[in-house]
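> following is a predicted model, sequence given first.
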Amino acid sequence: MKEFKTIDEVRKEMEGLYLNGHSLPAILERFHVTAEPFVSLMTDYKCASMEVETKFNVLNSRLSVYGEMNPIESIKSRIKSPESILMKMERKNLPFDLDSIRNNITDVAGVRVICSFVDDIYRLEELFLSQDDIVLTKRKDYIESPKENGYRSLHLIVEVPIFTESGKRNVSVEVQMRTIAMDFWASLEHKLRYKKDISPEMIDALGEDLKKCALDSADLDRRMEEVKKKLYSQPEV
Ligand code: 0O2
């Protein structure tokens, strides 16, 4: 008897089950993964993202003590949906089991830190990574080197310890750090990527428009930072 279904079979069945409004435990039981270990793993990711979020909130509060503006505008966290986890495993040709998620999918827990200014991003990165319980495993600086489509953000994959009823575990979290302008751009581009009812020509044309918007928003970030630097270098009267 075949123990595991192929990812494609699982995905097709999941799509059907989601459409039929089944609950997550029902879906998982169907695929020979009992709900409890899966929910336990997802809870580890949830706890790890809470730890990371708290660390950024602490830095934000501490930096405001010395008369600096709060560098963080907002923090958003998300846990990747089972469907997206499956799709990613399928793209990477990985087997669908919990160890495979744990060992290969480093962005199940995602924390997005939105700052007003680019220099605040690098300052917060340094302070965050200098904490002795945080281990950096991967860094992608799409601010320094934007993607071809214009996407900018700083991505860090870190391991953070969580302390549970059954001991300490290190859990991967993806931290995306970006300015308000970068976030504004990325959310519109994300909508374009998932829009199914427009022609390929229109997608290309909008992609070109978005590239120009990315250059404009990078320029706006630079100019706003210059204004801020001048403002804070003025002697008080
Ligand atoms: P979602 O729904 O946001 O989770 P890797 O993990 O290194 O094998 P990956 O996942 O392509 O490869 O890594 P990368 O490039 O660091 O991108 C991870 C996440 O960054 C994406 O997650 C997006 O959230 C964001 N991102 C990356 N490139 C773009 C882009 O061009 N446009 C937008 N809007 N967002 C981007 P997911 O899993 O794609 O989606």
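Cool, the structure landed. Numbers count the residues shown, from 1 in each chain.

> near the ligand, which residues of the chain are found?
By C-beta under 6 Å from any ligand atom, the part of the chain that sits against the ligand consists of K80, S84, D107, K140, K147, N149, Y151, H155, A186, E189, H190. (Each C-beta comes from the backbone N, C-alpha and C, glycine too.)

> list the buried ones in whichever strand or helix holds the second one?
To tie it back to what came earlier, the one meant is S84. Assessed by DSSP states H and E, S84 sits inside helix 82-91. For helix 82-91, burial by neighbour count (16 or more other C-beta atoms under 10 Å) applies to P82, I85, L86, K88, M89.

> swap in stretch 207-226?
Across stretch 207-226, burial judged by 16+ other C-beta under 10 Å covers L210, K211, C213, A214, S217, A218, D221, M224, E225.

> scan the chain for its longest helix.
helix 200-233 (DSSP state H).

> other SSEs contacting that one?
Counting contacts by 3 or more C-beta pairs under 8 Å, 6 or more residues apart in numbering; DSSP states H and E, helix 200-233 packs against helix 118-129, helix 180-194.

> can you redo the ones you listed as JSON lines with mean neighbour count?
Below are those laid out as JSON lines (neighbours: other C-beta atoms under 10 Å):
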{"stretch": "helix 118-129", "mean neighbour count": "18"}
{"stretch": "helix 180-194", "mean neighbour count": "16"}
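
> format the ones you listed as JSON lines; extra columns: mean pLDDT.
Listed next are the helices and strands packed on helix 200-233 as JSON lines, based on pLDDT from 0 to 100:
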{"stretch": "helix 118-129", "mean pLDDT": "96"}
{"stretch": "helix 180-194", "mean pLDDT": "92"}
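
> and of the ones you listed, who's closest to I101?
helix 180-194 (22.9 Å; C-beta to C-beta).

> could I get the CA-only coordinates of the closest one as CSV?
In CSV, the C-alpha atoms belonging to helix 180-194 read as follows (Å, rounded to 0.1, in the frame of the first residue of the first chain):
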residue,chain,number,x,y,z
ILE,A,180,6.1,52.2,3.8
ALA,A,181,6.8,53.0,0.2
MET,A,182,8.3,49.5,-0.5
ASP,A,183,5.3,47.9,1.2
PHE,A,184,2.8,50.0,-0.8
TRP,A,185,4.6,48.9,-4.0
ALA,A,186,4.9,45.2,-3.0
SER,A,187,1.2,44.9,-2.1
LEU,A,188,0.1,46.2,-5.5
GLU,A,189,2.6,44.0,-7.3
HIS,A,190,1.4,41.0,-5.3
LYS,A,191,-2.2,41.7,-6.5
LEU,A,192,-1.0,41.8,-10.1
ARG,A,193,0.8,38.5,-9.7
TYR,A,194,-2.4,36.7,-8.5
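
> by how many degrees do it and helix 200-233 diverge?
Angle, helix 180-194 to helix 200-233, by axes from the mean of the first three to the mean of the last three C-alpha atoms, to 10 degrees: 170 degrees.

> sorry, back to before: could you redo the helices and strands packed on helix 200-233 as TSV and give each row distance to S61?
Formatted as TSV, those follow (distance: least, C-beta to C-beta, whole Å):
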stretch	distance to S61
helix 118-129	12
helix 180-194	20
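
> for this structure, what are the low-confidence residue spans?
1-35, 67-68, 236-237 (pLDDT under 70).

> list the contacts of the closest residue to M69 other than its chain neighbours.
Once flanking residues are discounted, M69 sits nearest to S116: 7.6 Å by C-beta to C-beta, 6 or more residues apart in numbering. Each residue near S116 by C-beta atoms under 8 Å, 6 or more residues apart in numbering is listed here: M69, P71, E73, T179, I180, M224, K228.
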